[in-house]
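K.L.:
mind folding the following:
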Amino acid sequence: MDLFNWDSILDRFFDDGFDGGARVPAVDVRENEKEYQMEAELPGLTEKDIEVKIENGVLTISSKKEESREENEKGYLRKERKQFSFCRSFSLPENTDADKISATFKNGLLNVTIPKAPEAKPKMIEVKVK
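P.N.:
Sure, this is the predicted structure:
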């Protein structure tokens, strides 16, 4: 029996978040006639940890969270620090109404609603007789 399975130890070491917070959440995007819907699972975060911004036709979702924990038990001191951050950017289609974009966050799920701009419809002009 191998007491120290180094492959397993190293896998757990890197899987437990020692990657410097480089993990990026997946984002689902759906489209219907009126809008685009973006949905991102962000477990462990709160609405205060999340930033959603629009600049030059690009929508960016980002977060930076730092945690620290200290335990002092039976003469042993244990300190841990963890940092998590990500940034995802999406080019908005030209037919979006950027002024009406909204975002909600509940139970670790971020929903961003991106309304489509009203289409320019041809305007009929009545021809009058003089």
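
K.L.:
leaving out sequence neighbours, find the closest residue to the residue nearest the centre of the chain.
P.N.:
Nearest residue to the geometric centre of the chain (Cα atoms, centre = their mean): residue 61, 4.5 Å. Nearest non-adjacent residue to residue 61, counting by Cβ to Cβ, 6 or more residues apart in numbering: residue 88, 5.0 Å away. Using the backbone N, CA and C atoms, a C-beta is placed for each residue, glycine as well.

K.L.:
pull the contacting residues for the one you found.
P.N.:
By Cβ atoms under 8 Å, 6 or more residues apart in numbering, the residues touching residue 88 are 24, 25, 27, 40, 60, 61, 62.

K.L.:
quick one: which of the residues you listed is most hemmed in?
P.N.:
Within the contacts of residue 88, residue 40 tops the neighbour count with 24 neighbours, counted by other Cβ atoms under 10 Å.

K.L.:
that one belongs to a strand?
P.N.:
Yes - the assignment for residue 40 is a strand, going by DSSP: H, G, I helix; E, B strand; the rest coil.
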